[in-house]
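Undergrad: coordinates only, sequence not included:
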């Protein structure tokens, strides 16, 4: 099984022993695992890694992602998968207005449908105020997508749908969690903080998936391609946010796997406490590697790959329609 390995603890060093990846701290072995099973290695800035490990992982086609203290990606090694022909195909088609509009409609339609599904799922167990109003609003927005003729119009629909969906999270969440709406830069409360944290992990999943598929993450169809280095990453994330991250976070919070003490709150904003990172990673990896019924008994990580493949198949069929 190909794994994603997180190594962020200060003082940990990584070296290679034959075909094994070895993690050590204070001259004690913490973990050993076959190099061939490592598909994505995520490193914090205080981790030491040997050149031999870097060379071996890149050679076998694995990714090495470097993250900051907020787990945002600051750089990637091993991303030389994009061929010139694929890059030219992406640049030509993604910047064609008709092609991009169809791709953007696919994304927004899937996102709003997922928001509606999440709302309906929680209405079965929660007393959601104004449920009928919120449901009908999302349904109207879903119906407007087909008639929309500009990408700016789709961005407006996506923004309104997200605001509408998040407006009921306060009723979906159990005590002691409070949520008055999506806010970030910085996050003012634990729910917004864990959402931003979860999305940063989803970003790495999507980036790794696109890079290994040989796609350029800079050229998108919904998010504007204006020197933003990760437009396509954010496009694909919008296909997955509700199903992969939002449902996971709601479950984690409502089952009290986290509590308020897991967050540092100050005038600078709200962030997950450093000592809670390990708990998050453990829960997240357990979730990402466990088959889920609603995904057809495959893991969320496998489902992400499947959805990316489905999206690319759709885009390629869209190209054929345009040529025809």
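TA: Done, it's in. All values derive from a computational prediction rather than experimental measurement.
Undergrad: how much space between the nearest residue to residue 224 once chain neighbours are set aside and residue 130?
TA: What sits nearest to residue 224 in space, not counting adjacent residues and going by Cβ to Cβ, 6 or more residues apart in numbering, is residue 231, at 6.7 Å. C-beta coordinates here come from the backbone N, C-alpha and C atoms, glycine included. Using Cβ to Cβ, to the nearest Å, we find residue 231 at a distance of 34 Å from residue 130.
Undergrad: Repeat that for residue 202.
TA: In terms of Cβ to Cβ, residue 202 sits 28 Å off from residue 130.
Undergrad: neighbour-wise, which of the two wins?
TA: Ranked by neighbour count (other Cβ atoms under 10 Å), residue 202 and residue 130 place residue 202 first, with 23 against 13.
Undergrad: distance between the helix or strand the more buried one falls within and the chain's centre?
TA: In the assignment (DSSP states H and E), residue 202 maps to helix 190-212. For helix 190-212, the gap between its own C-alpha mean and the chain's C-alpha mean amounts to 3 Å (Cα atoms, centre = their mean, to the nearest Å).
Undergrad: I'd like the next helix or strand past that helix.
TA: Per DSSP H and E, the helix or strand that comes after helix 190-212 is helix 231-240.
Undergrad: What segments of the stretch 51-200 of the chain are helices?
TA: 51-59, 84-94, 97-123, 131-147, 151-166, 169-172, 190-212 (DSSP state H, counting those that start in this stretch).
Undergrad: Now do the contacts for residue 70.
TA: 197, 200, 271 (Cβ atoms under 8 Å, 6 or more residues apart in numbering).
Undergrad: who wins for neighbours among the residues you listed?
TA: residue 197 (23 neighbours).
Undergrad: I'd say that one and residue 279 touch.
TA: No. Contact status for residue 197 versus residue 279: not in contact, 11.8 Å apart, counting by Cβ atoms under 8 Å.
Undergrad: Quick check: residue 46 is in a helix.
TA: No. Counting by DSSP: H, G, I helix; E, B strand; the rest coil, residue 46 is not part of a helix but coil.
Undergrad: Show the end-to-end separation of stretch 160-177, please.
TA: One end of stretch 160-177 sits 24 Å from the other (Cα to Cα, to the nearest Å).
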